[in-house]
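Q: structure for the following, please:
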Amino acid sequence: MARTGSGTMAVVNTFVAGNTITAAGHNQNDVDIAAEITNSVAVDGQSTLTGQLKAANGTVSAPGITFGSDLDSGWYRIGANNIGLALSGAKVVDYSTTGVAVTGTFSSSGAMTVTSGGLTITAGGQVITAGQTSHTDGTVSAPSYSFTNDLDSGLYRVGANNFRFACNGADVLDIATTGLTVTGAISATTSITATTALSGATVAGNMVATQAQQETGTATNLLVSPGRQHFHASAAKGWVEIDSAAAAEANYNVSSITDGGAGTFTVNWGTDFSSAAYNAQATPVATPTGVAATTFFAQISNSLTAGTAQVLTLNGTFAAADTSHTMVTAFGDHA
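A: Predicted coordinates for the structure are as follows:
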């Protein structure tokens, strides 16, 4: 008879000493033995299994399925639905219903596709590829390359040759063949170098010259804004065109004109100078109607203050007289 389901083989015919051994009984035993030898696995590889290969559970140091010359390497059963692959008595791969866990470096010579669940690398591991790594485009709210604890921040593809960085589900940087576009402020602790155009709504921070830097006038690597350009020593801090009625027809940094009578008026500055030590100049333009003298003079009086400049205009006989127009310009340091 054949082996039982547990692999045990029973002898069909037994013989007692002194009794005749019949050919039929003897042959039946030999037939059964031959059949079970045929059902056994030949060590030289001739046999093909037609049923399951049932191995012992084994351990990580003595796997159930191993090799004659490498007894601590092979497969062993860790537990229910859980198999381990051991090499040199240490587990390198863990197979379970939840996936495959590899201890050490995972190397693939071909393409690796993850259809669901994602790819998780723990304990500071790295992914090193010799070719391209492709990914789905993603969106601004769900970037393709993101972070476990911040899934709406990362990198995604907008279109051909165009990708963006998103933070908190909103675009912050657009990178295209035409250049970079930043949403929000750009902050640099050292320097920003642009080989073409650099544009933005506003510029702030250390790259913009301060009033003190404008007044020093030595920096060559700072931006000068319109509101601070006038702080430079070469810029006029105030100017005005005054008519014969002591009215300002055009001006910069002049709050008002005080008429002190014929040939005398005072320019009141909008922003005062830091002291009375500044340069003010007055120039007459033409003779007024009805005045016989053709030459006029204009000068700044010695009563110059940080907030005012008194102007005197004289005719050809050096008498105080109003000109048709007088130009006043001042250079110096603002408060």
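
Q: alpha carbons only for contacts and neighbour counts from here, please
A: Will do.

Q: per-residue pLDDT, the closest residue to residue 216 other than its chain neighbours?
A: Nearest residue to residue 216 in three dimensions, chain neighbours excluded: residue 232, at 7.6 Å (C-alpha to C-alpha, 6 or more residues apart in numbering). Listed pLDDT for residue 232 reads 90.

Q: looking at it, residue 232 is touching residue 215, isn't it?
A: Yes. Residue 232 lies in contact with residue 215 (C-alpha atoms under 8 Å); the separation is 4.9 Å.

Q: what average pLDDT does the strand or helix carrying residue 180 get?
A: Assigned by DSSP states H and E, residue 180 falls within strand 179-182. If you average the pLDDT over strand 179-182, you get 87.

Q: name the residue closest to the centre of this protein, please.
A: Closest to where the C-alpha atoms of the chain average out (C-alpha atoms, centre = their mean) is residue 165, at 7.0 Å.

Q: give me the nearest residue to it, chain neighbours excluded.
A: Closest to residue 165 by C-alpha to C-alpha, 6+ apart is residue 155, at 4.6 Å.

Q: now that neighbour: which helix or strand?
A: Going by DSSP H and E, residue 155 is in strand 150-159.

Q: average pLDDT for that strand?
A: Per-residue pLDDT over strand 150-159 has a mean of 95.

Q: can you start the count at 2 instead of 1 from here on
A: That works, and once the first residue is 2, the last one we named lands at strand 151-160.

Q: in its sheet, what does the strand holding residue 181 sit against?
A: strand 171-177 (antiparallel) (DSSP bridges).

Q: tell me the buried residues in the strand it pairs with?
A: 172, 173, 174, 175, 176 (16 or more other C-alpha atoms under 10 Å).

Q: would you mind giving those residues as a markdown table with pLDDT and distance to residue 55 added?
A: Converted to a markdown table, those look like this (pLDDT from 0 to 100; distance: C-alpha to C-alpha, whole Å):
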| residue | pLDDT | distance to residue 55 |
| --- | --- | --- |
| 172 | 95 | 58 |
| 173 | 94 | 59 |
| 174 | 94 | 59 |
| 175 | 94 | 60 |
| 176 | 95 | 59 |
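
Q: tell me what the residue nearest to the centre of the chain is bridged to.
A: In beta-bridge terms (that is, DSSP bridges), residue 166 pairs with residue 156, residue 174.

Q: dump the residue contacts of it.
A: 141, 154, 155, 156, 157, 172, 173, 174, 175 (C-alpha atoms under 8 Å, 6 or more residues apart in numbering).

Q: please repeat the previous calculation with a cut-off of 7 Å.
A: Contacts for residue 166 (C-alpha atoms under 7 Å, 6 or more residues apart in numbering) come out as 155, 156, 157, 172, 173, 174, 175.

Q: hmm, back to that, any idea of the angle the strand holding residue 156 forms with strand 171-177?
A: Following axes from the mean of the first three to the mean of the last three C-alpha atoms, to 10 degrees, one obtains 30 degrees for the angle between strand 151-160 and strand 171-177.

Q: how far does strand 151-160 sit from its chain's centre?
A: Between the centre of strand 151-160 and the centre of its chain there are 11 Å (C-alpha atoms, centre = their mean, to the nearest Å).

Q: list the contacts of residue 270.
A: 254, 255, 256, 308, 309.

Q: surely residue 181 is in contact with residue 165?
A: No. Look at residue 181 against residue 165 with C-alpha atoms under 7 Å: they stay out of range, at 9.6 Å.

Q: what is in contact with these two at once?
A: 174, 175.

Q: if we can go back for a sec, and the strand holding residue 156, what does it pack against?
A: Judged by 3 or more C-alpha pairs under 7 Å, 6 or more residues apart in numbering; DSSP states H and E, the packing partners of strand 151-160 are strand 146-148, strand 163-168.

Q: how about it: buried residues?
A: 152, 153, 154, 155, 156, 157, 158, 159.

Q: and what of stretch 16-32?
A: Quick answer for stretch 16-32 (16+ other C-alpha under 10 Å): residue 30.

Q: CA atoms only for stretch 132-147, dumped as PDB, please.
A: The C-alpha trace of stretch 132-147 is given here as PDB (Å, rounded to 0.1, in the frame of the first residue of the first chain):
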ATOM      1  CA  GLY A 132      18.500  56.200 -14.300                       C
ATOM      2  CA  GLN A 133      15.500  58.300 -14.300                       C
ATOM      3  CA  THR A 134      12.800  58.100 -11.600                       C
ATOM      4  CA  SER A 135       9.300  59.100 -12.900                       C
ATOM      5  CA  HIS A 136       6.200  60.100 -11.000                       C
ATOM      6  CA  THR A 137       2.700  61.300 -11.700                       C
ATOM      7  CA  ASP A 138       2.200  65.000 -12.200                       C
ATOM      8  CA  GLY A 139       0.500  65.700  -9.000                       C
ATOM      9  CA  THR A 140      -1.400  69.000  -8.100                       C
ATOM     10  CA  VAL A 141      -0.900  72.100  -6.000                       C
ATOM     11  CA  SER A 142      -2.800  70.500  -3.200                       C
ATOM     12  CA  ALA A 143      -1.300  67.000  -3.600                       C
ATOM     13  CA  PRO A 144       2.200  67.400  -5.000                       C
ATOM     14  CA  SER A 145       3.900  64.300  -6.500                       C
ATOM     15  CA  TYR A 146       7.000  64.600  -4.300                       C
ATOM     16  CA  SER A 147       5.800  65.400  -0.800                       C
END
